[in-house]
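Visitor: Quick one, structure for this:
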Amino acid sequence: MRVTNVSVTRNYLTGLHSNRALLNKYSNQTITGQRFTNLAEDPASGVRALQVRRAMSRNATYQENVSAAKSQLASAETTMKQAVTLTHSINELFIQGANGTYEGDREAIITQVDKLQQELLTLANGKFSDKYMFGGTNTTSPPFTLDNDNDLCYNGYKVKDIDANANAALFDDANYIDIGLGLKFNPAGSQNVDPNSAYKNTIVGLDFMGHGSENIYLLISDMQDMLSASPFDPEAAGKVLDRFQTASNKMITELTKLGSDDNFLDFNKNRLEEEKLNLVERQEAIEIIEPDEAIMNWKMQEYVYNAALQMGSRLLQSTLFDYIR
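Guide: As a prediction, this is how the structure comes out:
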């Protein structure tokens, strides 16, 4: 089989161009530290790299969600601690007012209790950034308000008439955020999101303020009425005080739950940080090349390319100008 000079030249130039392309590739790897700069260079590794980058993007979103939730939770916890402190002060004032020794000062005590009651209402309408914290999914308007009859309302419902069974939707009112727990949706039901697959990022104010006749704001009004009554009824006052202390203890219980939520968020924050480190390692393994490996590949390819050039000077047929010289 006869091989023409044209075929030899064509094959040689094809090989030379391939060597030159590899030399450029290894040179770029040495300069940039990247195994490849576009998918065409290594499609399989490029696809894996894109998958890792998508996972890193999701991880960053989850971490942002956790950080935002922790900030809001810290604000809610601070507000609830202040509310619990107010209830302790009201408890002490009521005991003083119920004590015969302070009978002449009851009017002053009633005034102090009234101010603390209004402060408690302000705390119940606390905001984080520009959103109300204790209204469930209602974050744009104050959850606790007083209507024209001076009755306390929660999201438009009279608190004294709210029943946990009849008004279950008020207590189930919730928003969820994705923190990387494998978000799932229920096919049916009051909540589309599976509560075990996301974080509940809302607080229902009724849970810590109470509802019906056991709402702590309403109990404070009852305590004021007791102190104003003439004659003063110690037995009735004692019963109201017991109910108030029970409602106050419930606030402490809800405050403890916030602490548990904070621990849960801390756990997931650490989990996401570890996941990020693993993803970074995977990304580096796919995309990053070690400097010594890159330099060795470049020098070896440079040697091959130079050898090809030397071989070409011997392999290719001499031209007419060579003969003329």
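
Visitor: Does anything pack onto the longest helix anywhere in the chain? Which helices or strands?
Guide: Counting residues, the longest helix found in the chain (DSSP state H) is helix 43-98. Applying 3 or more C-beta pairs under 8 Å, 6 or more residues apart in numbering; DSSP states H and E, one finds that helix 43-98 makes contact with helix 106-124, strand 127-128, strand 176-177, strand 199-200, helix 216-228, helix 234-287. Backbone N, C-alpha and C define where each C-beta goes, glycine included.

Visitor: Could you tell me the angle between the direction of that helix and that of helix 216-228?
Guide: Between helix 43-98 and helix 216-228, the angle comes out at 10 degrees (axes from the mean of the first three to the mean of the last three C-alpha atoms, to 10 degrees).

Visitor: The helices and strands packed on helix 43-98: which one's closest to Thr139?
Guide: If you check each of the helices and strands packed on helix 43-98 against Thr139 by C-beta to C-beta, strand 127-128 wins as the nearest, at 8.6 Å.

Visitor: That closest one: partners in the sheet, and parallel or antiparallel?
Guide: For strand 127-128, the paired strands and their directions (DSSP bridges) are strand 131-132 (antiparallel).

Visitor: chain center to the partner strand: distance?
Guide: Relative to its chain's centre, strand 131-132 lies at 17 Å (C-alpha atoms, centre = their mean, to the nearest Å).

Visitor: need the next SSE after it, C-terminal direction.
Guide: strand 144-146 (DSSP states H and E).

Visitor: Now do that next one: everything it contacts.
Guide: The contact list for strand 144-146 (C-beta atoms under 8 Å, 6 or more residues apart in numbering) reads Leu121, Ala124, Asn125, Phe134, Leu152, Cys153, Tyr154, Val159, Gly205, Met209, Tyr217.

Visitor: any idea how far the nearest residue to the first one once chain neighbours are set aside is from His211?
Guide: So the one you mean is Leu121. Excluding the flanking residues, the one nearest Leu121 by C-beta to C-beta, 6 or more residues apart in numbering is Phe144, at 5.9 Å. The gap separating Phe144 from His211 is 11 Å, by C-beta to C-beta, to the nearest Å.

Visitor: which neighbours do the two share?
Guide: Counting by C-beta under 8 Å, 6+ apart, the common neighbours of Phe144 and His211 are Tyr154, Val159.

Visitor: Show me how the chain divides into domains.
Guide: Domain segmentation of the chain under automatic domain parsing yields 49-134+203-282, 291-325.

Visitor: and the ones you listed as JSON lines, adding mean neighbour count?
Guide: As requested, the domains of the chain are arranged in JSON lines below (neighbours: other C-beta atoms under 10 Å):
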{"stretch": "domain 49-134+203-282", "mean neighbour count": "16"}
{"stretch": "domain 291-325", "mean neighbour count": "12"}
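
Visitor: Make TSV out of those domains and add mean pLDDT.
Guide: Below are these laid out as TSV (pLDDT from 0 to 100):
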stretch	mean pLDDT
domain 49-134+203-282	92
domain 291-325	64
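
Visitor: could you redo those as CSV and give each row distance to Ile31?
Guide: As requested, these are exported to CSV (distance: least, C-beta to C-beta, whole Å):
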stretch, distance to Ile31
domain 49-134+203-282, 19
domain 291-325, 9
